[in-house]
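Peer 1: Sequence isn't available, so here's the structure alone:
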């Protein structure tokens, strides 16, 4: 297996687990204590993680580092892909209610 294949497969493992946990990139990046752009590059197969990053990811997922690496090395693709999260911010009518701004009386 080529290094680029492992890199891509590891990113897919992270993406699959994050979506299964129903977490957005911002939420998971905060939980893993990494920058969102690092997570994005990793999930797209553009970033080769070092041991420290794998440790942070494994801790955030609540698994051993070896579990993530073993999943990346596994040649079989899982049959059940988790559903994708909606992209972008929620529409204004779906956001939590905010207090109306106070206007100054004239």
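Peer 2: Cool, the structure landed. Everything quoted here is computed from the prediction, not taken from an experiment.

Peer 1: check contacts around residue 29.
Peer 2: Residues in contact with residue 29 (C-beta atoms under 8 Å, 6 or more residues apart in numbering) are 35, 36, 38, 39. Placement of C-beta: from N, CA and C, glycine included.

Peer 1: quick one: which of those residues is most hemmed in?
Peer 2: residue 39 (23 neighbours; other C-beta atoms under 10 Å).

Peer 1: Now do the contacts for residue 15.
Peer 2: Residues near residue 15 by C-beta under 8 Å, 6+ apart: residue 43.

Peer 1: follow-up on the earlier one: now pLDDT and secondary structure too, for the contacts of residue 29, in a markdown table please.
Peer 2: Below are the contacts of residue 29 laid out as a markdown table (pLDDT from 0 to 100; DSSP: H, G, I helix; E, B strand; the rest coil):
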| residue | pLDDT | secondary structure |
| --- | --- | --- |
| 35 | 96 | coil |
| 36 | 95 | helix |
| 38 | 95 | helix |
| 39 | 96 | helix |
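
Peer 1: Quick check: of these, which lies closest to residue 48?
Peer 2: Nearest to residue 48 among the contacts of residue 29 is residue 38, at 11.4 Å by C-beta to C-beta.

Peer 1: Touching, the closest one and residue 48? I think so.
Peer 2: No - contact between residue 38 and residue 48 fails when scored by C-beta atoms under 8 Å: they sit 11.4 Å apart.
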